[in-house]
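In: Need a 3D model of the sequence below.
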Amino acid sequence: MLHAIKNRIQATFSYQKYYTGHPEEQTVNPLALKEFKYRWYLLARDIYDNRVKIYVLSHGESVKVMEAQSFAEEMKESYREALEKY
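Out: Here you go, the predicted model:
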């Protein structure tokens with residue numbers, strides 16, 4: 001995931017929300033990693049609804065970095081806004 005953040009590359013991973021019983025595939029533009037109270041979080045923009053979301057990394061698995069899907073230029077402003085917000 002760190003590679004995807006540094007190179008602004010899309011990533012896909014299986015993620016199980018706290019209130020659901022099954023994992024779902026998420027494709028995101030990862031923005032930052034954050035540790036808080038001994039837990040790691042991923043700040044990322046969901047490509048399906050274009051919303052910035054926070055994912056608990058302990059709920060994720062099987063990360064796949066999409067080498068061909070760079071979002072560097074299109075995300076500059078969104079990236080700055082998201083980091084200021086959180």
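In: Please count neighbours and contacts with C-alpha atoms only from this point.
Out: Will do.
In: all helices of the chain, in order?
Out: Listed in chain order, the helices of the chain (DSSP state H) span 2-7, 76-85.
In: worst average pLDDT in these?
Out: With a mean of 64, helix 76-85 has the lowest mean pLDDT of those.
In: For the residue lying closest to residue 44 once chain neighbours are set aside, grab the count of nearby residues.
Out: In space, and not counting its chain neighbours, residue 44 is closest to residue 30: 4.2 Å by C-alpha to C-alpha, 6 or more residues apart in numbering. Residue 30 has 28 neighbours, counted by other C-alpha atoms under 10 Å.
In: just residue 22 next, same as before
Out: Using other C-alpha under 10 Å, residue 22 is surrounded by 10 other residues.
In: List the buried residues in stretch 49-59.
Out: By 16 or more other C-alpha atoms under 10 Å, the buried positions in stretch 49-59 come out as 52, 54-57.
In: Output the longest strand belonging to this structure.
Out: Of all segments of type strand in the chain, defined using DSSP state E, the longest is strand 24-36.
In: my guess is residue 16 contacts residue 56, does it?
Out: No - using C-alpha atoms under 8 Å as the test, residue 16 is too far from residue 56 to be in contact (9.4 Å).
In: Low-confidence stretches in this structure?
Out: Applying pLDDT under 70 to the chain flags the ranges 59-83, 85-86.
In: can we see that at 80?
Out: Within the chain, the stretches with pLDDT under 80 are 1, 16-22, 57-86.
In: now the buried residues of stretch 49-59 as CSV including distance to residue 20?
Out: Output for the buried residues of stretch 49-59, formatted as CSV (distance: C-alpha to C-alpha, whole Å):
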residue, distance to residue 20
52, 20
54, 16
55, 14
56, 14
57, 16
